[in-house]
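[1] only geometry, no sequence info:
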């Protein structure tokens, strides 16, 4: 998924944080940092606490997530209705990009297979 990583640009993990909140949320409930960190681990990714907080603030400023206080110091986050819409669009985009990348790699494989067959044919003729 190189294309999605490129799209994330300088705000590395912004897409991942949004997808993690969505994936870990049950029926739109708020999600704790611990659950988001677990999602990253399960997807063989890492995110630093500071990076998560920065991405969360950016997503909050865009109106895609909102904080839900647990106590005076702790809080969870959940997607806003706009955030849910954006995640659905992103999921569709990711599926389409994966499809394109898979088709491209299949085409490349076919080309390589054809070149290999041609090379073997040439060796047999020698």
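    Arrived safely, thanks for sending. What you see is a predicted model, and the numbers here were worked out from it, not measured in a lab.
[2] And the pLDDT for residue 36?
    If you check residue 36, the pLDDT there is 90.
[3] err, residue 77, not the other one
    94.
[4] And the one 10 residues further on, by the same measure?
    Per-residue confidence at residue 87 stands at 89 (pLDDT).
[5] which SSE is it in?
    helix 81-125 (DSSP states H and E).
[6] For this structure, which helix or strand comes out least confident on mean pLDDT?
    Least confident helix or strand of the chain, by mean pLDDT, DSSP states H and E, is helix 2-8 with a mean of 56.
[7] Return the residues in contact with the closest residue to residue 20 other than its chain neighbours.
    Distances taken as Cβ to Cβ, 6 or more residues apart in numbering put residue 39 closest to residue 20, at 4.0 Å, once the chain neighbours are dropped. Every residue, glycine included, has its C-beta placed from N, CA and C. When contacts are counted by Cβ atoms under 8 Å, 6 or more residues apart in numbering, residue 39 touches 20, 23, 24.
[8] In whichever strand or helix holds residue 39, which residues are buried?
    Following DSSP H and E, one finds residue 39 within helix 33-42. Residues 33, 35, 36, 37, 39, 40 are the ones in helix 33-42 that count as buried (16 or more other Cβ atoms under 10 Å).
[9] Perfect, that will be all.
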